[in-house]
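**Student:** take a look and give me a structure for this.
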Amino acid sequence: MRTIVGITGASGVVYGVDFLRKCPDDKFLVVSKWGKRVLQEELGLKVEEISPWVKKTFNDWDLAAPFSSGSNHFDSLVIIPCSVSTLGKIASGIADTLITRAAQVALKERRRLVIALRETPLSSIALENALKLSREGAIIMPISPPHYIDASTVNDLVEGFVNKVLKVIGIDDGSGWRQEDLE
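**Tutor:** Numbering: from 1, shown residues only. You can find the predicted model right below:
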């Protein structure tokens, strides 16, 4: 399985980094200009420090990168965290960065597009953009940690949400809420 991970300038970059760490497949990373800033401000990290978890990193301004074309297959594009600005661009058909272009490719080629939106509260415009993309096949997953798990740390909550994203793209660790009741 081939997964592209986009990190944009929304707060909550810890979710993107945890996703990179846990996703077992071939991963390709694209971090926006503001995603790099948030990565530094929230976690004190640079892109080079999270690159060992991916096969290759591409610049967001590089519209000549392989994944700007539908002829280069990928199974999923996961944008985590996704800013409302990026959501709006994708919903409007704007493809002026590699992340938004790969999203357009995912939509036109009917590939899995997961948008882990990190914003609250949401304006009517953002909600309409999310609805528009959902109707086009995108999976809108507002970053909402599962408090029903037995979390004792913030990292447990981050992992709980990331596990949900992994299940959405077809990587299931077998755990689930009250899984033991199914035995």
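
**Student:** low-confidence stretches in this structure?
**Tutor:** 174 (pLDDT under 70).

**Student:** could you pull out the strands in it for me?
**Tutor:** Using DSSP state E, the strands found in the chain span residues 2-7, 26-31, 56-59, 76-82, 112-117, 139-140.

**Student:** how far does the top helix by length along the chain sit from the chain's center?
**Tutor:** Secondary structure assigned by DSSP state H gives helix 154-168 as the longest helix of the chain. Here helix 154-168 is found 12 Å from its chain centre; the criterion is Cα atoms, centre = their mean, to the nearest Å.

**Student:** list the buried ones in it?
**Tutor:** When burial is assessed from 16 or more other Cβ atoms under 10 Å, helix 154-168 yields the following buried residues: 157-166, 168. Every residue, glycine included, has its C-beta placed from N, CA and C.

**Student:** which strands or helices does that helix pack on?
**Tutor:** Using 3 or more Cβ pairs under 8 Å, 6 or more residues apart in numbering; DSSP states H and E as the contact criterion, the neighbours of helix 154-168 among helices and strands are helix 13-22, strand 112-117.
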